[in-house]
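Visitor: Quick one: sequence and predicted model below, then my questions.
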Amino acid sequence: MALVLSSILVGASLAAVVKGTNFPLPTDYHRYTARSKDINWGVCADSPDSGRECARFEVPLDWHNTAAGKASLAVVRYKAVNEPKLGTLFTNPGGPGGSGVGFILGNHGSRLMTASGGKYDIVSWDPRGVGETVPRADCFKTITEEVSYWEVGYGI
């Protein structure tokens, strides 16, 4: 019992310290932060009656080299269904190679909406090279090369 109580007290103490601590951002952080920009939300082509909205958001392919071009990220939003709206939850399904758009357009969007009490907009995106984001990653020159790779056990 004493071990449990001491663990709780240590955890509470750490939480109090972390909550009261300001962690400074790197001095050049602003260079890598997307500037405010309106997103033009519209009906999602693959699920027009789902209550979800889709859009595109332009970002550099490489934040350190803006001459490398831009990517057009596919973005999805599932608007809060209950009042008062409390904010926005941003989700990233991980992966690598996970589609955030597919995540929200599928069953996970409804599950997150239910779990959040319906009071948050839920937003996700397809990372660079994934899903509906362009340009897409292309590791193979031909479909034959790709099929061959998978058939021989990941090219190992």
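Guide: Yep, that arrived.
Visitor: What sits closest to Ile122 if chain neighbours are left out?
Guide: Excluding its sequence neighbours, the residue lying closest to Ile122 (C-beta to C-beta, 6 or more residues apart in numbering) is Tyr78, at 4.4 Å. Just so you know, the C-beta spots here come from the backbone N, C-alpha and C atoms, and that holds for glycine as well.
Visitor: contacting residues for the one you found?
Guide: Gly51, Arg52, Glu53, Ile104, Gly109, Leu112, Met113, Asp121, Ile122, Val123 (C-beta atoms under 8 Å, 6 or more residues apart in numbering).
Visitor: pLDDT wise, what is it at?
Guide: pLDDT for Tyr78: 95.
Visitor: Any idea which residue is closest to the centre of this structure?
Guide: Closest to where the C-alpha atoms of the chain average out (C-alpha atoms, centre = their mean) is Asn92, at 3.2 Å.
Visitor: what sits against the closest residue to it other than its chain neighbours?
Guide: Leaving aside its sequence neighbours, Asn92 sits nearest to Gly100 (C-beta to C-beta, 6+ apart; 6.0 Å). Listed by C-beta under 8 Å, 6+ apart, the contact set of Gly100 reads Val76, Thr91, Asn92, Pro93, Ser124, Trp125, Asp126, Pro127, Gly131.
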